[in-house]
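>>> I'll drop the sequence and a predicted model, then ask my questions.
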Amino acid sequence: MHSYTAVNGYLRYVSTQADTVLAELKDSTETAGGWEKAMLDAQSHRVELDLAAGVSSNEGTNEHSPVSTPLPAIDSDVQKSYVNPSTANALRKRLTAVSKVDKDVVVQEEEEVPKSDPAAPHPLIDHPSETIASLANEYTNLRAELVSTGPEYVEWPHNITLKNFGVYMMIPTLIYELEYPRTTKIRPLYVFEKTVGASSLD
C-alpha cells in the first residue's frame, strides 16, 4: 500500500509540473507568432536538419567511394530553396494531398501501425528557438514519467482503477509500476516449478 500511494502521489506531482511547463510553453509560442505557427516552424526546422544531415551523409559517401559519379554543380539559389521553410511547407502539403488520394491504402497502413507511445517527443522540441525547444524537451521528459514503457503504454491517472490495484496486489512484488511485463503464453511447467519450489521451502 505504501508503494502504491507513494508512486501515484509522485506521479500526481509530476503531472502538475507537466501542466505548468505546458502552460509556459504555450505562453512562449505567443511571442513566436502563436501555437500553430510555432508547430510549422518546428516542422520546417526538422526538415532543414534532416536535409543537412542527408547532404553531409552523401558528401561523406562520395568522398570515400572510388567509383562514385561526381554530382553536377548546383546553383546556390537552387540549393537554398531546398532548405527554405516556405518551400518545405509547400512540399509537405503536396505530399499530404497526394497521400489522401487513395484513402483505402492509407487506412490499411494506419491499421498496421502499432500503438504509438504517448511519451513520444513533443513536436516543438525541434523549434529553432532555444527557449521553446528547451520547454518542449522538459515537457517531454515529464510526460515520459507518466507513461509505462509498453506494450500497453498505461498513462497516469488511467492506471488508478480497481482492476489495476487488484492486479498489483496479486503480483508478488513490493514495487508498484504502471504496467508489468506479461506473457500471453501459458507455461504450466513454470507454474509447476514455482509451486514445487514454494512447497519445498515449507
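Arrived safely, thanks for sending. Since the structure is predicted, the reported quantities are computational estimates derived from the model, not experimental observations.
>>> could you use CA atoms for every contact and neighbour count after this?
Will do.
>>> what about the nearest residue to residue 179 once chain neighbours are set aside, neighbour count?
Nearest residue to residue 179, sequence neighbours excluded (CA to CA, 6 or more residues apart in numbering): residue 148, at 5.9 Å. If you count neighbours by other CA atoms under 10 Å, residue 148 ends up with 20.
>>> now residue 156: how far from residue 139?
15 Å (CA to CA, to the nearest Å).
>>> between the two, who's got more neighbours?
The neighbour count for residue 156 versus residue 139, taken as other CA under 10 Å, is higher for residue 139 (24 against 18).
>>> specify the local secondary structure of that one.
Three-state assignment for residue 139 (DSSP: H, G, I helix; E, B strand; the rest coil): helix.
>>> quick check, pLDDT for it.
Residue 139 is assigned a pLDDT of 94 by the prediction.
>>> now do the strands in this protein.
Ranges of strands within the chain: none, based on DSSP state E.
>>> so where's it shaky on pLDDT?
For the chain, residues meeting the criterion pLDDT under 70 lie at 55-119, 182-202.
>>> follow-up on the earlier one: for the residue nearest to residue 179, give its distance to residue 35.
Residue 148 is 28 Å from residue 35, by CA to CA.
>>> just the helices in this structure please.
Under the criterion DSSP state H, helices of the chain are mapped to 2-30, 35-64, 76-82, 85-99, 103-112, 130-145, 162-170, 188-201.
>>> for residue 35, which residues are in contact?
Applying CA atoms under 8 Å, 6 or more residues apart in numbering to residue 35 gives the contacts 26, 29.
>>> what about it, distance to residue 132?
Here residue 35 is placed at a distance of 11 Å from residue 132 (CA to CA).
>>> overlap in contacts, these two.
residue 29.
>>> can you count the residues close to residue 161?
Residues near residue 161, counting by other CA under 10 Å: 10.
>>> next: residue 170.
Applying other CA under 10 Å, I find that residue 170 has 8 neighbouring residues.
>>> now do residue 143
Neighbours around residue 143, by other CA under 10 Å: 23.
>>> and what of residue 28?
With other CA under 10 Å as criterion, residue 28 counts 18.
>>> distance of it from residue 134?
From residue 28 to residue 134 the distance is 11 Å (CA to CA).
>>> state the distance from residue 167 to residue 176.
Residue 167 is 11 Å from residue 176, where distance means CA to CA.
>>> so how far is residue 43 from residue 33?
Taken as CA to CA, the span from residue 33 to residue 43 is 15 Å.
>>> could you do residue 5 as well?
Residue 5 is 40 Å from residue 43, by CA to CA.
>>> ok, these two, which is more surrounded?
Under the neighbour definition other CA under 10 Å, residue 5 and residue 43 were set side by side, and residue 43 has more, 22 against 11.
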